[in-house]
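Asks: how does the following fold in three dimensions:
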Amino acid sequence: MHNMNIYDIFHLTLPLITYGTMLSNPSLIVRSAREKLQLNQYDFSIHIGKSQGVLSRYERGKVNPPATIIMHCMNILNSGTDSYDIEQIITKLRKLDGEQHLQIRQALSLLLDKCISPF
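Replies: Take a look at the predicted model:
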């Protein structure tokens with residue numbers, strides 16, 4: 001089994017840590033959805049039914065996108081993500097004992113604290 005250190009955990013969990021920030025930043029939601037689909041602005045603007053100029057203003061934060069666009073982008077961002085059963089997670093966590101897993105437990109604790117109260 002690969003021994004992960006605090007930097008590996010941070011790299012893997014950075015999207016979760018920034019989730020709270022993303023929710024408060026519509027331009028980041030739109031840009032992240034476009035980048036997830038690997039589309040340029042023109043092609044993504046067609047995908048969402050807006051002009052490339054309007055999409056550009058959304059991404060630069062000049063104009064807030066309507067709720068329907070934000071919801072569509074959030075659906076894109078959430079699609080294809082793995083869902084884990086809580087029992088599977090708890091079983092894995094129980095295996096993280098001893099000094100060799102201290103940094104991982106600390107990182108997970110900080111991550112959970114951040115997810116529970118992101119502000």
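
Asks: low-confidence ranges in this structure?
Replies: 1-24, 80-88, 118-119 (pLDDT under 70).

Asks: hey, where'd the helices end up in it?
Replies: With DSSP state H, the ranges of helices along the chain come out as 6-17, 19-23, 26-36, 41-48, 52-60, 67-78, 86-94, 102-116.

Asks: can I get those helices in CSV with mean neighbour count?
Replies: In this view, the C-beta of every residue, glycine as well, is placed from N, C-alpha and C. Below are the helices of the chain laid out as CSV (neighbours: other CB atoms under 10 Å):
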stretch, mean neighbour count
helix 6-17, 13
helix 19-23, 14
helix 26-36, 19
helix 41-48, 16
helix 52-60, 17
helix 67-78, 15
helix 86-94, 9
helix 102-116, 14
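
Asks: isn't residue 59 right up against residue 45?
Replies: No. When contacts are counted by CB atoms under 8 Å, residue 59 is not listed as touching residue 45 (10.3 Å).

Asks: look up how far residue 91 lies from residue 101.
Replies: 14 Å (CB to CB, to the nearest Å).

Asks: and for stretch 46-61, what's in contact with it?
Replies: With contact meaning CB atoms under 8 Å, 6 or more residues apart in numbering, stretch 46-61 is reached by 25-27, 30-31, 34, 37, 39, 41-42, 44-45, 63-65, 69, 72-73.
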